[in-house]
Every structure is written in structure tokens, then in C-alpha cells.
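For reference, the sequence and a predicted model appear below.
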There are 2 protein chains.
Amino acid sequence: MRRLREVGEHPWLARLVPRLGVARGRVIVAAGDDAAAVRPGRRPLLLTVDALVEGTHFRRGWLPPIALGRRAFAVNASDLAAMGGVPRWVLLAVEAPPRTPVAELDAVVRGVATAARGAGARLVGGNLTRGPHLSVTVTLLGEAAGPIVTRAGGRPGDMLFVTGALGASGLAVQRLSVGRRARLPEVPSRLRAGSRLAPIAHAMIDVSDGLLQDLEHLCRASGVGAEVELARVPVAAACRAALAERAPAFAATAGEDYELLVAVPARRAAGLAGRSLGCRITRIGRLVTGRAIRLVDARGRRVRLGRHGYDHYR
Amino acid sequence: MRRLREVGEHPWLARLVPRLGVARGRVIVAAGDDAAAVRPGRRPLLLTVDALVEGTHFRRGWLPPIALGRRAFAVNASDLAAMGGVPRWVLLAVEAPPRTPVAELDAVVRGVATAARGAGARLVGGNLTRGPHLSVTVTLLGEAAGPIVTRAGGRPGDMLFVTGALGASGLAVQRLSVGRRARLPEVPSRLRAGSRLAPIAHAMIDVSDGLLQDLEHLCRASGVGAEVELARVPVAAACRAALAERAPAFAATAGEDYELLVAVPARRAAGLAGRSLGCRITRIGRLVTGRAIRLVDARGRRVRLGRHGYDHYR
């Protein structure tokens, strides 16, 4: 009998998703992308769900309850940003043990509600149930002003860009996990960047499981390979300060960044600078024919890393 | 410091929900009803989320994984039925420990997907995360062919009806909880009943926490009281066989029924018979002025019960 820990999250999903069927009828984007897209009326509606689970994504004391609520919203908003969408309506499902202080639960809800409001969305419903630990599941519905960008449109020759800088959150999680003190950075909002990039992007994904792993997802969906220059990966200052020459490899695989990885056709790449994305954006490589993801150093020599990112079960 | 177990699920929600704001703009029904309703385009969209948590709603061995998946869909479909809606799109968020057999998880997904398909809906996305136990959270989006029915429209003089028969699921849960053998009945589908009742109903709610407690929710939202004849409550055969004269009180408070409780104006009540709801429907009482819920026996004498239903924390 095979168990989840033997199979892994991503292999399980990769096998499951095709069985759930392709986009057809009123389903514009089916399971397997950052968000689903359906068509209740004329305009498409984007749907995504994500959970923060105590003991898996956070432990008590890592972040105050209101920041946990903000984070639960923000990780979902990141999925919408990666499709070029904007948040509209939120459902919040909470599991909490009977010992949970009411003030703590109130703060989680307030965190979700205020983060939603700040992004133009509204918390309209939810569910509370007893459970052995705190778990916060947010469902987010959004709309797209312009085109919806999936993971699947990347083509050989596209330039690869990533927003912001990577590694700070992954470093904080690593430290907190072993009992050291660290401040978990807030999840950045890339909603503006996402909707400004959407009109020129061939493919987009948010970086949650580690840059290289999320790049694998984009490449698999697009049927392409990629070449990434490790020295070009934008490394957060805290990460560079702590890890020195090991920082780029860490930043490329740590996860929890919630930045956008985007494939842009070369002819449109020059126009990126003028798009006031609200954050920096860095070219880190390009898409190529084939299936392989090639990581190279500044001299073009192959770099091998032990792991590409995060899997819940491996 | 007050904790959830001191406050209780329903009092906490009753205090929270008004703070989340009222229906306005593109929000037609805000937090606090069976489902929320928003308006992405011309047609309203119904939104609901509900979780089945191991150790809270079920234990391993109570029901096969595929039935767990079906149940996770059905408890959400019940919320839509209670608004007069029909299911369209489903998101599935699962927490599962690393030891979970892959075949078990596959069966849960298959249960959700097939139940969705059977109801005219489609599983379009989801999330998988590591957690200490199995937890299945379904978000369901639906549409309404006719009017949307909330809990809030009941008026004094309305007749109260309930679909199906109560107590069988509550009895099974009670037996299973103490280690006895029992078969947990499948959640009934009241989607047809819900959409046929919607055009004549003043208010509707699904019976998940116990008839009397869900009646309290309907009465509070409608600003009315109610009188229920205990002897009229339709009791499931298994419940009557097991509990004899204690059966009606049990059936009125046990929960897990997922039947519909509906308030219909007296002048429309006669028309109910011709509506082919796909299930029986029984008049159990009426709405009255005031706030009190009065439970009476066949002779009109007051009956007092220790509890009215289920609260996750009390």
C-alpha cells in the first residue's frame, strides 16, 4: 500500500489533475493551475483555495493571529495575482481546538477581513469547526480585468522574470522551525504586478514552493524547458547576509516567497520597465525547447542542487 | 481569557457575523446564512464552505473514503438547497497526514468529483496540505434558477415544514461515537426540494445542528418565534425503533439530518402537495410573534428539552 509520504504531493497532484478533466463549457481553466476560472456570466471568475495549518505552515508564536489571518488571505491573493486577477469575495473555513482563546480567533478573522478589504475584496462567509489544531482555509474568488494568464502558455525563447527578492521567508521559516528567533516577513502583494504583467505574459505562476520547483510546474504545463542563471536570482538582503555564497541556491529553492515568476516573449521584455509594477522585476533566464531545467553559473557552467523546492510529503 | 469552549460556536458566530457587514453592492446575502450570494454578473452566485474533520465529524472506519468524499460534497449541497440553489463548481481542500494511503485519498477525491457530477457540478480545483489528521473542506459555488431564500424572511403565521425524517444520522453518530456498530446514512439530496420550495418559501434553512437549534437560527434571523408540535416531527424508522418514546425529542435535537426546514405562508401551504419534491414533507408547527420557541405535545402542553442541538464547543 503506497502512502502519501512515499508518493509526494506534486507527483500525486500531477497524476490526479488530468483525471479531473480539461477546460470546457463554462470551465475556462480546470484544476492544475494557480486558480481555476469559470464563467458564471459574461465575465470569467477566478477561484482558488489555500490553507495554513498549524504544525505545517506555522507554529504558535511564529506570528500573531492577525498576521496569520492576513497571511491566509495573502497566499490566496498571490494565486490570483499569478493569473492576472483581482480579489473580490472571500470564504473563511477555520478549524480550532476548544482551548483557543476567543480573542485569538477574532484576530484571525479580522486579519482576513482587513486584508481582503485592503485588496478590494470582502469576506462574505465561512465555517467554524472543532479540530485538534488551528487551521485556516481561505477560498478566494476574483475577477480579471484583462487576459487570464495560466502556467501553460510559455514558449521557447520567452524571457523568464521574477518579481521582488527571494529567500527571506524561507530563511525565517527554517530558523523558526529549529526554535531560533526570526520574523516571518509579510507576504508581498503582487496584485498590481500581476494585472500589469498579464497583458504581455505568456505564462505566470506564483513562487510558493521554491523558484525552481514552481518553474518546473510552469515548464511542464507549457511543454518547454528552461535555463536559469543562478547568479541572476534576486536574493533578499537578509538571506544574503545570513548565507553569503550559499544564498542564491537557498533563495532559488526555499519557497514561501509569493513572488511572481513570469515568461514574457523577448520582444515585449523591453517594455517591462515602463509598467510600474510596484516592485522590482529581474530577468533570471529563459525558456528553451525540451523538458530539462538547466541551472547555470555566471560562466554558463551547469550547477546541480539537491532539491528544487518544497513538497508537503517528501 | 475566554476560550472557545466557554463561549460556544453559535454565540461566537452570532457576535461575529454582524461585524462582517450587511448585504450591499454586489453582495446580495452576506455572512450568516446557509450560503452567501454575490453578483459577479447579471445572475447571482451562491457560495458556501463546509469541512468534515477526522475526530470531529467522523472517525476512521465510520465510512469508506469514497463515502466521505460524497458526504463532503453533500453537506455543502444541502446549504445550497436551503437557498434554492443548484451546485455548479467545487473546490476541494484536503489536509492529510503523510501516512495516508494514496488509494484512500484518491477515493475521497473520486467521491467528491462523482457526487458533484451527479448534481450537475464540477470539481475545478483545490489544495492538498500536510496535517495531523484527515480533513476535507469543500467550497461550493452554485446558481439559483429562481428566487434566493434566506433564513430571514419568516413571518408570524407561516407554517413550518420539514423534509424527510429526522434522527437516523444522529443515532448512528451517537452509536459510532461510543464504539458501537452502525451505518451512517448517506446525506439526502434535497436540491430538487429546495428549488421547488424556493418560489413559495418565506425562509429556509438546512437541518444540520438539530431541528430546534436550526429553527432558532431561522427565528433569530427572521425576528419571530415559533411553536413546534413534538409529536408531528417526522422520526426516522431506525430512530423510532431504537428509542421508542424518546425518539421524537432525540430526532428534534440530534442533527446531521441535512433535511430542509422551511417557513411557508399559510395560503401557499396547500400547494405544497403538488410540487413533487422528491421526498416527504411534514408540517411541524408555525411561526409566531415574539422570540420564544415553544415546543408542545399533542395536547398543546409545553415540553422542555435539555438541549436544542449541536454546538462544536459546548
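Cool, the structure landed.

close to chain B, is stretch A:124-135?
Yes: residues of stretch A:124-135 contacting chain B under C-beta under 8 Å from any C-beta of the partner chain: A:124-133, A:135. From N, CA and C alone the C-beta is placed, and that goes for glycine too.

Including pLDDT, neighbour count and secondary structure, could the residues you listed go into CSV?
CSV is the format used below for the residues of stretch A:124-135 next to chain B (pLDDT from 0 to 100; neighbours: other C-beta atoms under 10 Å in any protein chain shown; DSSP: H, G, I helix; E, B strand; the rest coil):
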residue, pLDDT, neighbour count, secondary structure
A:Val124, 96, 27, strand
A:Gly125, 95, 29, strand
A:Gly126, 95, 25, strand
A:Asn127, 95, 20, strand
A:Leu128, 95, 21, strand
A:Thr129, 95, 20, strand
A:Arg130, 94, 19, strand
A:Gly131, 93, 27, coil
A:Pro132, 92, 18, coil
A:His133, 94, 19, coil
A:Ser135, 97, 29, strand
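
Tell me which two in those are the farthest apart.
Spanning the widest gap among the residues of stretch A:124-135 next to chain B are A:Val124 and A:Pro132, at 27.7 Å by C-beta to C-beta.

what are the ranges of the strands in chain A?
Using DSSP state E, the strands of chain A run over A:27-29, A:36-38, A:45-53, A:85-96, A:122-130, A:135-144, A:159-163, A:203-207, A:225-229, A:259-264, A:281-288, A:293-296.

Enumerate every residue touching A:Ala144.
A:37, A:43-44, A:46, A:83-86, A:195, A:198 (C-beta atoms under 8 Å, 6 or more residues apart in numbering or on different chains).

Just among those residues, which is most surrounded?
A:Gly85 (31 neighbours; other C-beta atoms under 10 Å in any protein chain shown).

quick one: it and A:Arg190 touch, right?
No: using C-beta atoms under 8 Å, A:Gly85 is not in contact with A:Arg190, being 11.4 Å away.

correct me, but A:Ala67 touches A:Glu186?
Yes: counting by C-beta under 8 Å, A:Ala67 sits close enough to A:Glu186 to count as a contact (7.1 Å).

Now do the residue of the stretch 201-314 of chain A found nearest chain B against A:Met1, distance only.
As assessed by C-beta to the nearest C-beta, chain B sits closest to A:His312 within the stretch 201-314 of chain A, at 4.2 Å. Distance of A:His312 to A:Met1, given as C-beta to C-beta, to the nearest Å: 19 Å.

What of A:Arg299?
For A:Arg299 relative to A:Met1 (C-beta to C-beta), the value is 48 Å.

Now the nearest residue to A:Ala231 once chain neighbours are set aside: phi and psi?
Distances taken as C-beta to C-beta, 6 or more residues apart in numbering or on different chains place A:Ala298 nearest to A:Ala231, at 4.4 Å, with adjacent residues excluded. Backbone torsions for A:Ala298, taken as degrees, to the nearest 10, come to phi -60, psi -30.

How about A:Ala35?
Main-chain torsions, A:Ala35, degrees, to the nearest 10: phi -140, psi 160.

Which pLDDT value belongs to it?
A:Ala35 is assigned 94 on the pLDDT scale.

what's it in contact with, if anything?
Applying C-beta under 8 Å, 6+ apart, we find A:Ala35 in contact with A:29, A:46-48, A:79-80, A:82-83, A:85, A:140, A:142, B:125.

From the residues you listed, pick the one nearest B:Val264.
Among the contacts of A:Ala35, and counting by C-beta to C-beta, the member closest to B:Val264 is A:Leu47, at 34.2 Å.

Look at that closest one and report its pLDDT.
97.

which ones are touching whichever residue of the stretch 1-150 of chain A sits closest to chain B?
Closest residue of the stretch 1-150 of chain A to chain B, C-beta to the nearest C-beta: A:Gly41 (2.5 Å). By C-beta under 8 Å, 6+ apart, A:Gly41 lies in contact with B:40-43.

Okay, now the unreliable bits of chain A?
Within chain A, no stretch has pLDDT under 70.

Can you give the domain ranges for it?
By the assignment in automatic domain parsing, chain A contains the domains A:1-32, A:37-144, A:159-296.

export the ones you listed to JSON lines and tack on distance to B:Val94?
Formatted as JSON lines, the domains of chain A follow (distance: least, C-beta to C-beta, whole Å):
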{"stretch": "domain A:1-32", "distance to B:Val94": "10"}
{"stretch": "domain A:37-144", "distance to B:Val94": "9"}
{"stretch": "domain A:159-296", "distance to B:Val94": "17"}
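
what about A:Arg155, neighbour count?
14.

One more: A:Ile293?
A:Ile293: 21 neighbours (other C-beta under 10 Å).

Also the one 5 residues further on?
Counted with other C-beta under 10 Å, the neighbours of A:Ala298 add up to 9.

what's the answer for A:Ala119, then?
The number of residues packed around A:Ala119, counting by other C-beta under 10 Å, is 21.

Can you spell out which residues form a bridge with the closest residue to it other than its chain neighbours?
Leaving aside its chain neighbours, A:Ala119 sits nearest to A:Pro87 (4.8 Å; criterion: C-beta to C-beta, 6+ apart). Beta-bridge partners for A:Pro87, by DSSP bridges, are A:Gly142.

Please name the residues that touch A:Pro87.
A:73, A:76-77, A:80, A:116, A:119-121, A:140-142, A:191.

Between the domains of chain A, which one is closest to A:Arg151.
Using C-beta to C-beta, the domains of chain A put domain A:159-296 closest to A:Arg151, at 3.9 Å.

Over to the closest one now: how far is its first residue from its last?
Taking C-alpha to C-alpha, to the nearest Å, the first and last residues of domain A:159-296 lie 15 Å apart.
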